[in-house]
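A.B. asks: sequence? don't have it. structure:
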């Protein structure tokens, strides 16, 4: 009877550990949130061409990331009937980024440390488990400016966690996902009359 109880406890503990790792993996998956704002008085059907504004040199974004962002924007705008031009565009696009450190605190309930574990008829008890994790959060902002009026007409924003040690394919995947989520809102829905 005692051995069966120990085996059952080990199975429950094993399943709990697997569940914790699964939840941790879901929580750490790079989720990207996106939003937008626009000039509600603007007629977006009059914009057919675009170009990019020169990117400032004192930026956190590398040339490689900037190139990926532009390629992703091009892929999203071409099917919408917009064409990139080198002169006299209808829209000028400005790209901004920001990266900042964040801290995430996670509690896993009672810890299962071998040093502070008690057994009772209700189960294991121990010290309260706390995990502290520092990570990088990145923000991508894309502004559409009316080239003639020199006024912003649309802004898209995407935000998400960045990998600790990024690899090329990870960065490309994050950029593509962020731009796609953001650009699904361009052009904005026509205003109601």
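C.D. replies: Now that the structure is in, tell me what you want to look at. Since the model is a prediction, treat every value here as computed from it, not as a measurement.
A.B. asks: Please parse the chain into its domains.
C.D. replies: 1-30, 31-183 (automatic domain parsing).
A.B. asks: any idea which of those domains scores lowest on pLDDT?
C.D. replies: Mean pLDDT is lowest for domain 1-30 among these, at a mean of 51.
A.B. asks: quick one: the strands in the protein?
C.D. replies: Taking DSSP state E, the strands of the chain run over residues 32-38, 49-52, 83-84, 91-110, 117-120, 123-126, 128-146, 151-162.
A.B. asks: could you say what helices and strands the shortest one packs with?
C.D. replies: Right, the one you point to is strand 83-84. strand 49-52 (3 or more Cβ pairs under 8 Å, 6 or more residues apart in numbering; DSSP states H and E). Yep, even glycine has a C-beta here, placed from its N, CA and C like the rest.
A.B. asks: The second one too?
C.D. replies: Judged by 3+ Cβ pairs under 8 Å, 6+ apart, strand 49-52 is in contact with strand 83-84, strand 91-110.
A.B. asks: ok, now with 6 Å
C.D. replies: strand 91-110 (3 or more Cβ pairs under 6 Å, 6 or more residues apart in numbering; DSSP states H and E).
A.B. asks: Contacts for stretch 48-58 next, please.
C.D. replies: Contacting residues not belonging to stretch 48-58 are listed as 66, 82-85, 89-94 [Cβ atoms under 6 Å, 6 or more residues apart in numbering].
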